[in-house]
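Novice: Just a sequence and a predicted model for now, questions to come.
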Amino acid sequence: MGMATPDQDRLLLDALPSTPERKISSMFSSSITVEIGNGASTQFWTDAWLPTAAIPTFAPNLFKAVGRRRLGRSVKDALTDRRWVCDITGAHTALVLYEYVQLWARLKTFSYGLWNLIASSGAGQLMVSTPYVQRTGLALWAGRAWRGPRNFWHAAVPPKVKFFFWIALHGRLWTAERRKRRGLQLDVACALCDQLDETTDHLICSCVYAREVWSCLLHSLGSLATAPQQDSSLLDWWLLGRATLPQALRRSFDSLVLPVSWCLWKERNRRTFDHRSLMPPELLCCILDEANAWIGAGYGCLALLTASAA
């Protein structure tokens with residue numbers, strides 16, 4: 001067997017797996033800067049053009065959901081009409097959605113604070129001032145405008161409940177009706193009433209089980225007239241209920257609607273996956289117990305819920 005040549009040795013070394021050390025990568029990333037210019041030669045997804053870090057660093061799951069052919073999109077092209085959103089072609093898991101919101105928030109801060117890009121291009125003047133849907137609120141997919149008032153994010157409930165309600169407003173809960181449309185199951189009957197198709201609006205508002213829960217709570221608060229009806233949709237009912245209240249009480253109303261909707265969804269999952277069910281009075285007790293635990297954690301506005309039990 002002959003001796004390997006230097007070129008062969010180099011090829012063998014290149015074939016060995018090489019994982020850069022985290023400290024060295026962090027030192028390298030912090031010691032370099034990317035000059036954006038008009039953004040045409042800076043890659044949106046891979047270059048460290050944001051002040052904090054490159055996108056794969058703080059949003060690795062979102063980065064994996066980007067189509068391979070879209071990784072070369074420039075900053076200029078990506079921020080024009082928010083085209084970067086169209087690059088996300090992978091599964092919209094909870095982690096991907098969470099990192100998507102993080103990226104959108106960083107782009108908003110960066111756009112407003114550190115970069116107000118006005119650059120000249122061959123087609124005229126390019127102005128990238130805000131990729132934040134022109135202050136109309138957060139959109140989940142390109143062309144999908146935010147539904148409902150944005151200030152529900154200030155409701156005194158845990159973040160997971162706000163995120164759930166945000167998904168529900170956009171019709172992205174994995175209800176039986178949606179699962180059937182995706183070919184994942186055949187039965188579309190509501191898990192709570194077993195009468196009508198299980199959609200988001202039906203499950204949280206118009207289902208006879210859900211309406212009994214809402215009626216009991218709102219009746220004890222003297223607001224039975226605001227209870228959802230058989231043909232109510234979640235968004236319309238919620239907005240109408242807020243509109244009938246003084247401005248000072250709307251946050252408290254949100255702090256009632258969000259956790260009750262959350263508990264109705266958990267009851268649906270309990271029946272679907274655990275094959276256990278609670279009657280409406282039992283679910284009301286669970287809602288009040290959970291509200292008391294959250295109040296102890298600092299969510300004081302939820303006292304509106306516990307007041308209904310008095």
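Specialist: Perfect, I can see it now. Numbers count the residues shown, from 1 in each chain.
Novice: Do a quick rundown of the helices in the protein.
Specialist: 6-15, 22-31, 55-58, 60-64, 75-79, 94-113, 159-169, 176-181, 200-201, 208-220, 234-243, 247-269, 280-296, 303-307 (DSSP state H).
Novice: Out of the ones you listed, flag the one nearest C190.
Specialist: When those are ranked by distance to C190, counting by CB to CB, first place goes to helix 176-181 at 7.2 Å. In short, each C-beta sits where N, CA and C put it, glycine included.
Novice: how about the closest one as PDB, C-alpha atoms only?
Specialist: Coordinates of the C-alpha atoms in helix 176-181 are reproduced here as PDB (Å, rounded to 0.1, in the frame of the first residue of the first chain):
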ATOM      1  CA  ALA A 176     -62.600  17.600  14.200                       C
ATOM      2  CA  GLU A 177     -63.800  19.500  11.200                       C
ATOM      3  CA  ARG A 178     -60.400  20.800  10.400                       C
ATOM      4  CA  ARG A 179     -58.800  17.400  10.900                       C
ATOM      5  CA  LYS A 180     -61.400  15.800   8.500                       C
ATOM      6  CA  ARG A 181     -60.500  18.500   5.900                       C
END
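Novice: mind listing what's buried in that helix?
Specialist: 176-178 (16 or more other CB atoms under 10 Å).
Novice: okay, these in JSON lines with distance to L203 and pLDDT next?
Specialist: Converted to JSON lines, the buried residues of helix 176-181 look like this (distance: CB to CB, whole Å; pLDDT from 0 to 100):
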{"residue": "A176", "distance to L203": "9", "pLDDT": "93"}
{"residue": "E177", "distance to L203": "9", "pLDDT": "93"}
{"residue": "R178", "distance to L203": "11", "pLDDT": "91"}
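Novice: nearest to L192, of those?
Specialist: Proximity to L192 was ranked across the buried residues of helix 176-181 by CB to CB; first place goes to A176, at 10.7 Å.
Novice: right, and that closest one touches A191 too?
Specialist: Yes: the pair A176 and A191 passes the contact test of CB atoms under 8 Å, sitting 7.0 Å apart.
Novice: give the contact list for G183.
Specialist: Going by CB atoms under 8 Å, 6 or more residues apart in numbering, G183 touches no other residue.
Novice: Neighbours of the residue nearest to N61 when sequence neighbours are not counted, how many?
Specialist: Taking CB to CB, 6 or more residues apart in numbering as the measure, N61 lies nearest to L95, with 4.3 Å between them; neighbours along the chain are not counted. Here the neighbour count serves as a burial measure; for L95 (other CB atoms under 10 Å) it reads 15.
Novice: Check which residues of stretch 192-203 are buried.
Specialist: Within stretch 192-203, the residues that qualify as buried by neighbour count (16+ other CB under 10 Å) are 192-193, 196, 198-203.
Novice: Domain-wise, how is this structure divided?
Specialist: 34-135, 150-307 (automatic domain parsing).
Novice: If you average pLDDT over each of the ones you listed, which is lowest?
Specialist: Looking over those, mean pLDDT reaches its minimum on domain 34-135, with a mean of 71.
Novice: unless I'm mixing things up, the residue nearest to N61 is touching K64, no?
Specialist: No: no contact is recorded between L95 and K64 when judged using CB under 8 Å, the distance being 9.7 Å.
Novice: picking up where we left off before, please enumerate the shared neighbours of A176 and A191.
Specialist: Between them, A176 and A191 share the contacting residues E198, judged by CB under 8 Å, 6+ apart.
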